[in-house]
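> Quick one, what's the 3D model for this:
(2 chains)
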Amino acid sequence: MSKKLVVIGAGMASGRVLEHLIEADADAYDVTLFNAEPRGNYNRIMLSPVLSGEKSFDEIVTHDADWYEENGVACRFGERVVHIDRERKVVVGEQGEVSYDKLLFGTGSAPFIIPVPGKDLPGVITYRDLEDTNAMIEASGMPGQKAVVIGGGLLGLEAAAGMRLRGMDVTVVHLMGHLMERQLDEAAGYLLRRSLEDKGITIKCQASTQEIFGEGKVEGVRLETGEVIPADLVCMAVGIRPEVTLAQACALDVERGIVVSDAMETSDPDIVAVGECVQHRGALFGLVAPLYDQAKVVAKTLLDEAAEFQNKEVATKLKVTGCDLFSAGDFAEGDGREDIVFRDPARGVYKRLVLENDRLIGAVMYGDTADGNWFFGLIKDKTDISEMRETLIFGPAYQGGDSLDPMAAVAALPLDAEICGCNGVSKGQIVEAIQAGSTDLAAIKATTKASASCGTCTGLVEQVLATTLGDDFVMPAPASICGCTDLTHEDVRRLIKSKELKSQEAVWQELGWKTRNGCHVCRPAINYYLLADWPVEYQDDPQSRFVNERRHANIQKDGTYSVVPRMWGGMTTPDELRAIADAADKYNVPTVHVTGGQRIDLLGVKGEDLPAIWADLNAAGMVSGHAYAKGLRTVKTCVGKDHCRFGTQDSTGLGIKLEEKLWGSWAPHKVKLAVSGCPRNCAEATCKDIGVVCVDSGFQIGVAGAAGMDVKETERLMDCSTQEETIEVVTAFMQLYRENGKYLDRPYKWVAKVGLDWVKEQVVEDVENRKALVERFELSQSIYQKDPWAELAKKDEAPKFAPLANLTLEAAE
Amino acid sequence: MSWIDIGTLDDIPLRGARIVKTKLGCIAVFRTAEDEVFATSDKCPHKGGPLSEGIVHGKSVTCPLHNWVFSLESGEAQGADVGQIETYAIRIEAGRLLLDAAVMERTAA
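Residues are numbered from 1 along each chain as shown, chains lettered A, B, ... in the order given. The predicted model follows:
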């Protein structure tokens, strides 16, 4: 029978204990979880990105309701624990009592409130949980709001930067001489101050708060110097102290925190404690990394396995975008300690290393923290640095011939080097996970938890992925289009629209292209973006297109071409088939193939014969099938209700209408459609870029399927009741993709980037926008929906397919 | 040096190419954005792709089959690829394209 475990506090540390416990032995305990906050565990250190608006709360939830239910955790959220009876071994909550065999304290810490007059006024908050964060977000909702943050430490500065990003007028009041004095020395503190001031935050150091004043709510802060700072919100972030009220009330051994042994047991062997509420060998804890180490130990102790917690060095990073700082170890000045300092004030870079007995014991870096983890490794490992002392400050790139390439630096790290400080994940664990099949960042997060907490090591994890997987790993960092520019596809698309660039020359000049007229990589993309965004103003340039789109046929490996006439919705006639057969005979076509898109491919046509074979096919009523185009290819159909006993709608008819609407349009990549007459899906519509499945009640439109390099089922965009509505929605989707997709991204890749929800907003929910998209598509079609074969088979165009001169004849003369 | 008239500059699309057939294979004649002309072998040394069908950029052409890039001036493959295409003298006189008549005598070597 399972024993009973009661947990007080659903925080990051106790949450981690539960994870370890359930992973090791899910049946060992029946767990009841109390939490005073009315919600489960979330990644508290990510509240700063939530405050600044860079993340949403949902993104930082670590355990949702499903997780608790799946793992059988009885949750009592929003309920305070009022009493603990250690004699009877029961925890008494506001809603009743629960008995325990083991009790886990995860009560965390409480913000320290400085005892000044006015500290209880409405509008005075701390920075601890989601309520505080929301209070700050709400306050920033009104224009011209002023905030004062008391405390220039890690938390206070993150709060200040977050509120500033949301447009508030922010002043930081700090008691000490420089910011973050526990982590930074004066010089780094100065640089940090300067860059925060550049962001528009006012900083007051050596400033002591005398009182917070206001009638009924906060109106301002008065300093001891008499200076008054007006404020609509005051955030107190001067520090935290362990939350020990409950522990004291039940007479556990409490000093500054709840005293625990190496096994994390309190003075009562049935009660363990973890996190910011504990005191271990005199030390208190505020950063997440040691808490996770404690959690491992607590889980083992609860399972009666021997384990000991050891307090290790921790490194600090500030999560303020644009302020890159790193600090680790001890950097106070002292006898026998030496400094190595590197300053480059113009770049805002400062690095200081503190040495003692040929060992690195502390490091502070500002502005360039790329080598932080390497220095941190030297501190933790107590490496003898006497050999590399002269070049130490320049980082690993200058040691032992390593190159300056950060990839090489990561590749050179030993397997036991720590990559994720929060979760204590080593390079070796990540490499193992990669070899076991976790080949992208999301999978690594899921299997190892690396970069799943504060996220500052994301870049390192990606580099480990890149060095381990080699060419198989595609760095997600935005890459420029090609060597001709530093801009990404997305940048260029945006700039072409916003700066109204309507010619290639305008793009090269205005966007500072490094080459005269691009290259084979960028020019086709630019040509497409221009014709898609400015169909009327821009003139399509065949010389900026890949050979297939210029020759309107597919080049084969021997330099001959393949020719595919359009067969609308996969329908053909005996006359068309005869004309195709005649053409195949006349031009000695060696291979005739039926394609997967329901049409016939004539392979092996000589380049100079193209205009003639097109003219013959045109004469029989056929046009180009665009089987070579980044644009609409085919609309595959089944025969539908006219013939099939299962058919629910006229799928063939709808397919033909769609093809007639969309043919001739260019797109970022090829677009294939299908319409199936019933959910048996004979036309395989659910793996197409756009696929319609007919049902009795109408038409189900799916988009973003794939059946190429990747195989992916479509996602449902919308259900329509009429053919007209279906055609409208499909057309609008096509145009949205044409206007926003990155060149050579198929629709499924593009939708993965922008999200199906956004696509739905544009195409499904906003009916006016849908109609506007269709209008823009139709405008473009008025120019581009022309049979290129008919154009190129004309008398003045056709000769261009022949050689300029034939010198073999002259030679024979 | 004798020259053969093969046509006019306007016969070649801007940033494009046409071919000239000779006994020993095709020669590609390129016209750059700046109206310069270059004549080279039409055959990519990699897999025989028709260079005249490639994208012309700057004074280079990219083979349509596997994106090898060649300098039209030197005939040398650019970037990581190693290869060489033959180049031939060509000039413009009064809008006419004049190709080095030596191409008539060239051998398979």
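> Tell me where the model's unsure across the chain.
Here I'm looking at chain A. A:1, A:317-322, A:397-409, A:453-456, A:472-478, A:809-813 (pLDDT under 70).
> The intended chain is chain B.
Those would be B:105-109, if you go by pLDDT under 70 across chain B.
> swap the cut-off to 50 and go again
For chain B, residues meeting the criterion pLDDT under 50 lie at B:108-109.
> What residues does it have near chain A?
B:4, B:6-7, B:11-16, B:18-23, B:26, B:29, B:33-34, B:47-50, B:53-58, B:60, B:62, B:64-65, B:67, B:69, B:97, B:103-104 (Cβ under 8 Å from any Cβ of the partner chain). C-betas here are computed from N, CA, C, even on glycine.
> 6 Å instead?
B:6-7, B:11, B:13, B:15-16, B:18-23, B:33, B:50, B:53, B:55, B:57-58, B:62, B:64, B:104 (Cβ under 6 Å from any Cβ of the partner chain).
> Now, these that are in strands?
By the criterion of DSSP state E, membership of those in strands covers B:6, B:7, B:16, B:18, B:19, B:20, B:21, B:22, B:55, B:57, B:62.
> Which one of the residues you listed is nearest to residue A:351?
residue B:57 (43.7 Å; Cβ to Cβ).
> List the beta-bridge partners for the closest one.
Residue B:57 has these beta-bridge partners by DSSP bridges: residue B:60.
> That one - how many residues pack around it?
24 (other Cβ atoms under 10 Å in any protein chain shown).
> was I right about it contacting residue A:519?
Yes - using Cβ atoms under 6 Å, residue B:57 is in contact with residue A:519, at 4.7 Å.
> which one of the ones in strands among the residues of chain B next to chain A has the most neighbours?
residue B:55 (27 neighbours).
> so what's it closest to, chain neighbours aside?
residue A:520 (4.2 Å; Cβ to Cβ, 6 or more residues apart in numbering or on different chains).
> Confirm the one you found sits in a helix?
No - assigned with DSSP: H, G, I helix; E, B strand; the rest coil, residue A:520 falls outside any helix and is coil.
> Please report the number of neighbouring residues for it.
20.
> That one touches residue B:53, doesn't it?
No - counting by Cβ under 6 Å, residue A:520 sits too far from residue B:53 to count as a contact (11.6 Å).
> measure stretch A:448-458 end to end?
13 Å (Cα to Cα, to the nearest Å).
> Residue numbers of chain A in contact with chain B?
Near chain B, when you scan chain A using Cβ under 6 Å from any Cβ, you find A:515-520, A:543, A:547, A:555, A:559, A:803-808, A:811.
> just the helices in the stretch 501-650 of chain A please.
A:504-510, A:522-533, A:547-551, A:574-586, A:610-619 (DSSP state H, counting those that start in this stretch).
> need those helices in CSV with mean neighbour count, can you?
Listed next are the helices of the stretch 501-650 of chain A as CSV, based on neighbours: other Cβ atoms under 10 Å in any protein chain shown:
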stretch, mean neighbour count
helix A:504-510, 17
helix A:522-533, 24
helix A:547-551, 21
helix A:574-586, 15
helix A:610-619, 20
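> Just send these back as JSON lines, with distance to residue A:418 too.
Shown next, in JSON lines, are the helices of the stretch 501-650 of chain A (distance: least, Cβ to Cβ, whole Å):
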{"stretch": "helix A:504-510", "distance to residue A:418": "46"}
{"stretch": "helix A:522-533", "distance to residue A:418": "41"}
{"stretch": "helix A:547-551", "distance to residue A:418": "51"}
{"stretch": "helix A:574-586", "distance to residue A:418": "66"}
{"stretch": "helix A:610-619", "distance to residue A:418": "62"}
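> The closest residue to residue A:333 other than its chain neighbours in helix, strand or coil?
Nearest non-adjacent residue to residue A:333, counting by Cβ to Cβ, 6+ apart: residue A:339, 7.7 Å away. For residue A:339, the assignment made with three-state DSSP gives strand.
> ok, what's across the strand from residue A:339?
Judged by DSSP bridges, the bridge partners of residue A:339 are residue A:354.
> how close does it sit to residue A:192?
Noted for residue A:339: a distance of 19 Å to residue A:192, by Cβ to Cβ, to the nearest Å.
> How about residue A:288?
Distance from residue A:288 to residue A:192, by Cβ to Cβ: 21 Å.
> Repeat that for residue A:4.
48 Å.
> Those two: which has the busier surroundings?
When residue A:4 and residue A:192 are compared for neighbours, residue A:192 comes out ahead with 27 against 17, by other Cβ under 10 Å.
> hmm, who's touching stretch A:588-601?
With Cβ atoms under 6 Å, 6 or more residues apart in numbering or on different chains as the test, stretch A:588-601 has contacts from A:562, A:564, A:567, A:570, A:580, A:584, A:602, A:603, A:604, A:625, A:634, A:636.
> Restrict that stretch to CA atoms and write it as PDB.
Provided in PDB are the C-alpha atoms of stretch A:588-601 (Å, rounded to 0.1, in the frame of the first residue of the first chain):
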ATOM      1  CA  ASN A 588      10.300  11.200 -80.900                       C
ATOM      2  CA  VAL A 589       9.500  11.400 -77.300                       C
ATOM      3  CA  PRO A 590      11.300   8.400 -75.800                       C
ATOM      4  CA  THR A 591       9.400   8.200 -72.500                       C
ATOM      5  CA  VAL A 592       5.700   8.700 -71.700                       C
ATOM      6  CA  HIS A 593       4.800   8.600 -68.000                       C
ATOM      7  CA  VAL A 594       1.600   9.000 -66.000                       C
ATOM      8  CA  THR A 595       2.300  11.300 -63.100                       C
ATOM      9  CA  GLY A 596       1.100  11.200 -59.500                       C
ATOM     10  CA  GLY A 597      -0.800  14.400 -60.200                       C
ATOM     11  CA  GLN A 598      -3.100  12.700 -62.700                       C
ATOM     12  CA  ARG A 599      -1.600  13.800 -65.900                       C
ATOM     13  CA  ILE A 600       0.800  12.600 -68.700                       C
ATOM     14  CA  ASP A 601       4.400  13.500 -68.800                       C
END
